[in-house]
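Here's my sequence, what's the structure:
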Amino acid sequence: MINCFKMLGRSVLQKEGYYAIADEAGKREMFLKYQSIVPNSKEDEPEHAICLNFDTEQKIFRFEQDKEIDPGNRDYFFAFSAPRRVAKKFLSTKDVSCFYGEIFTASLKYLKENREGGKSKKWLADNISADYDRLLMNLQEMFYVETDKGHILNKALLKADQQQIFDELGQKHPKEKTEDVYDRFLNLHFFNWESKDKKKFPPISLIKIDGRHILEHEEHRASYINLVYYDVFERFFTEGGKKDNLCHICRSKAEIIGEVPLSMKFYGSTNPLYFENLTNKNAYKSFSICRDCLTEVMTGMKYVETQLRDSILGLPSYLIPSFEQEQQDFERKYKRIFSLLKTNEGYKEDIDEIESLVKQSEKKDFSFSLLFFDSPPASSKFDIVKLISDIEYRQLVKKLEYFDDYSRMYDLSLLKQRVSLNDLRYALFPSKASHGKHDAKLYRKDILDLLEAFLHEYGVNYTDIVKRFTDIYRRRSHRKDGNVDELAPFKTVLMLSVFNKIKTLKGAEMKGGNAATEVQKEEYRKFFEAHGEIYGENYYRQGLFLLGTVINEIVRAQKEKTSTFLRKLNLSGIPPRNVFKLVLEVQDFAQIYKDKIFEVSGVWGNIMDRLQGIENSGMKSEEVVFYILTGISYAKYLGMIHGIRKQGGENDDHNE
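Next up, the predicted model:
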């Protein structure tokens, strides 16, 4: 997989002209651009960075709004994030609170220690001017005061109007730390919200000196860029590099690094996944990498983190392209894969766009991997949940088209619905609608196993799906705030049929029952034929389905009641031996509401002959409930679709 990151990084850099840049300074800056924070804009309203502006002439400082946080301003912000417990030295970063106190102290200490005690003395002397140190020292002495806990912004130098607000907050919260008062001040000043909570703070904040970003100070620009480059990349060679070693990526003999600074801690040029199990100082024995390869790998990895990240089935995921050589137009092609997997609106447009890009590249197909991960906010630890590798685009599209076929077959667009892979997530696994508070970590492996089965054509257990569905449906039905999708049982049958087209469902082929009578209603017959692997020769399932259609008629007739016949159904499961007791109850209610319901000709004969012997069928109690629910749901679907067609003035031969 590491080679995929390398080739992606090479493609990114080549597209930007990195390899044509003659001077080292230009290369460093372009490399850093692709390591910087991507300032993604909010969909609802513009968001601006917060700037701490030091005015060295008037000797005051103030907090201001800066440019809009938008991808187009990535070069301007040139922002970087540092892990916790690491010296804060970036003047454009994520957390504005690091500017309250130790930003310059930490930077100066970092430079001093590496100049005096490390192997980087010459590199730092050649690349970071002493004038930059003096700038930091002057700013610290001018705008900060030293306390027993370290340096803190001198509130007496805060601009007058802002100082008044700050002092009022300090008097109102006298026991709070100065840092907390600054948080309260920023909330009140920028967001009209008096709180020390940082959740409204923007993801980028920066320091300005006399109204200019550090990159706009030409005398310090190169030193700052080199400081960032040293921290992000160079120090791993100057401090822990090993000369004349074999690079495991390009197989050349070169200087390699001893400690591997990759955000995703898995290595190996041949193994698809390999976790570091050695100390950092000996990591190179497990995985070694040279300068050129590290530049490309870090670029590719960061690109995946920032541009090819999305949520699939509710779980965070990275898409990792598989390149054999550099490619152009990879951004549009791979970003659209997420839309395919989520099957949002524009599904066909995504396929058309990808097909045109594939044709332009003169390739018949391409592949990629999905890496699902668990990385808590502000954590430097990267935990892999699952890797699904070698997913071929054309095979994926073929599978997704099965969902599209069923959506068209049943005109689901008229109901503003479609059946998709994403429906599996909410039909089969816990969510707020079924469980309220829930921990996704407890069942994410099951979700991803099902996704992998879909993508790689593994067998899926039919009984497991039925049990999961009935459990979730029951829970949603019993919750006051549960949002029950009445068409979910019907759509789950469609999903079962999709899985069966990909790979035969394990345990779905059970036969049973008899059918001496023919089903009169055409829609029911066609439904059984279309999903023959489920209903074809299993007449018990057909009988339960038909029983469900009658129950739907009763429920429709009871629409004025607060409690309908559905309350009589034990959604946890109905043992086959109790089915005929339920049949008798349905018959009684059908008789009570005979003037308000429509009974399909011969339906009771169909039900009775198909359910004969069901008590000895071996069906699971959850199965019994599932097939009753599918009948209720499909009858509900027919009512909805017929009503819409009637309103639209379409001829509908099925209107009752």
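
confidence score at the nearest residue to Leu135 once chain neighbours are set aside?
Of all residues not flanking Leu135 in the chain, His220 sits nearest, at 5.9 Å (C-beta to C-beta, 6 or more residues apart in numbering). For the C-beta atoms, the positions are set from N, CA and C on the backbone; glycine is no exception. The predicted structure scores His220 at 97 on the pLDDT scale.

His220 - that's part of a helix, no?
Yes: the secondary structure assignment for His220 places it in a helix, going by DSSP: H, G, I helix; E, B strand; the rest coil.

Report the contact partners of it.
The contact partners of His220, by C-beta atoms under 8 Å, 6 or more residues apart in numbering, come to Ser129, Asp131, Tyr132, Leu135, Ile214.

now the strands for the stretch 301-450 of the chain?
Counting by DSSP state E, counting those that start in this stretch, the segments of the stretch 301-450 of the chain that form strands are 309-312, 315-322, 367-374, 383-392.

which regions of the stretch 401-550 of the chain sit below the pLDDT cut-off?
For the stretch 401-550 of the chain, residues meeting the criterion pLDDT under 70 lie at 481-482.

wait, the chain
By pLDDT under 70, the low-scoring segments of the chain are 84-86, 265-286, 329, 343-348, 357, 360-363, 375-382, 481-482, 649-656.

so Tyr458 touches Lys503, yeah?
Yes: here Tyr458 lies in contact with Lys503, judged by C-beta atoms under 8 Å, at a distance of 6.6 Å.

Domains in the protein, by residue range?
As assigned by automatic domain parsing, the chain contains the domains 2-34+240-305, 48-229, 432-647.

can you put those in TSV and add distance to Leu387?
Formatted as TSV, the entries for the domains of the chain read as follows, by distance: least, C-beta to C-beta, whole Å:
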stretch	distance to Leu387
domain 2-34+240-305	6
domain 48-229	24
domain 432-647	10
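
Out of those, flag the one nearest Asp365.
domain 432-647 (14.6 Å; C-beta to C-beta).

first to last residue in the closest one, what's the distance?
The stretch domain 432-647 measures 35 Å between its terminal residues, going by C-alpha to C-alpha, to the nearest Å.

now do stretch 413-431
Between the opening and closing residues of stretch 413-431 there is a gap of 25 Å (C-alpha to C-alpha).

Ok, stretch 438-446 next?
Stretch 438-446 stretches 15 Å from its first residue to its last (C-alpha to C-alpha).

cool, and stretch 152-161?
Chord length of stretch 152-161, first to last residue, is 20 Å (C-alpha to C-alpha).

what residues does that stretch touch?
Applying C-beta under 8 Å, 6+ apart, the set of residues contacting stretch 152-161 is 59-62, 99-101, 143-145, 163, 166-167, 170, 178-179, 182.

So for Asn422, which of the strands of the stretch 301-450 of the chain sits nearest?
Ranking these by proximity to Asn422 (C-beta to C-beta) places strand 309-312 first, at 8.4 Å.

Residues contacting that closest one, please?
With C-beta under 8 Å, 6+ apart as the test, strand 309-312 has contacts from Pro316, Ser317, Tyr318, Leu319, Phe338, Leu341, Lys342, Leu370, Phe372, Leu451.

And stretch 333-353, by the same measure?
Contacts to stretch 333-353, defined as C-beta under 8 Å, 6+ apart, come from residues 307-308, 310, 312, 319, 321, 332, 354, 357-358, 366, 368, 393, 396-397, 400, 403-404, 418, 420-422.

Next: stretch 459-478.
Stretch 459-478 is contacted from outside by 426-430, 433-435, 450, 453-454, 482-484, 488-489, 492, 496, 499, 503-508, 566, 571-573, 620, 622-623, 625-626, 629, using C-beta under 8 Å, 6+ apart.

Output stretch 294-311 in CSV with nothing but the alpha carbons.
Output in CSV follows, covering the C-alpha atoms of stretch 294-311 (Å, rounded to 0.1, in the frame of the first residue of the first chain):
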residue,chain,number,x,y,z
LEU,A,294,9.4,10.1,1.8
THR,A,295,8.6,13.4,0.0
GLU,A,296,6.2,11.5,-2.3
VAL,A,297,4.8,9.2,0.3
MET,A,298,4.0,12.1,2.7
THR,A,299,2.4,14.1,-0.1
GLY,A,300,0.3,11.1,-1.2
MET,A,301,-0.7,10.3,2.4
LYS,A,302,-1.6,13.9,3.2
TYR,A,303,-3.6,14.1,0.0
VAL,A,304,-5.7,11.1,1.0
GLU,A,305,-6.2,12.5,4.5
THR,A,306,-7.4,15.9,3.2
GLN,A,307,-9.0,15.2,-0.2
LEU,A,308,-10.1,11.5,-0.2
ARG,A,309,-11.8,11.2,3.2
ASP,A,310,-15.5,10.7,3.6
SER,A,311,-18.0,8.7,5.6
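
among the contacts of stretch 152-161, which ones are buried?
Those of those that meet the buried threshold are 60-62, 99-101, 143-144, 163, 166, 170, 178, 182, by 16 or more other C-beta atoms under 10 Å.

still on that earlier bit, mind checking which of the contacts of His220 are buried?
Under a neighbour-count criterion of 16+ other C-beta under 10 Å, the subset of the contacts of His220 counted as buried comprises Ser129, Tyr132, Leu135, Ile214.

Closest one of these to Leu227?
Distance from Leu227 was checked for each of these by C-beta to C-beta. The minimum falls on Tyr132, at 7.3 Å.

any idea where the strands of the protein begin and end?
48-55, 60-68, 92-93, 144-147, 150-153, 205-209, 212-213, 242-246, 253-256, 309-312, 315-322, 367-374, 383-392 (DSSP state E).

Run the chain-centre distance for the third one.
What it means is strand 92-93. Relative to the mean C-alpha coordinate of its chain, strand 92-93 is positioned 25 Å out (C-alpha atoms, centre = their mean, to the nearest Å).

Sheet partners, orientation included, of that strand?
On the basis of DSSP bridges, the sheet neighbours of strand 92-93 come out as strand 205-209 (antiparallel).

For the partner strand, give me every contacting residue.
49-54, 56, 64, 66, 77, 79, 91-96, 99, 103, 135, 139, 213-214, 217.

how does it look with 7 Å?
Taking contacts as C-beta atoms under 7 Å, 6 or more residues apart in numbering, the residues outside strand 205-209 that touch it are 49-54, 56, 66, 77, 79, 91-93, 95-96, 99, 213, 217.

how far off strand 48-55 does that strand point, in degrees?
For strand 205-209 against strand 48-55, the angle by axes from the mean of the first three to the mean of the last three C-alpha atoms, to 10 degrees is 30 degrees.

residue contacts, Ala427?
Applying C-beta under 7 Å, 6+ apart, we find Ala427 in contact with Phe469, Ile472, Ala488, Thr492.

so how far is Thr504 from the first one?
Shown here: Phe469 relative to Thr504, a distance of 19 Å by C-beta to C-beta, to the nearest Å.

Who has more neighbours out of the two?
In terms of neighbours (other C-beta atoms under 10 Å), Phe469 is the more surrounded of Phe469 and Thr504; the figures are 25 against 14.

Chain neighbours aside, what residue packs nearest to Asp210?
Thr56 (5.7 Å).

Since that was my last question, I'll sign off now.
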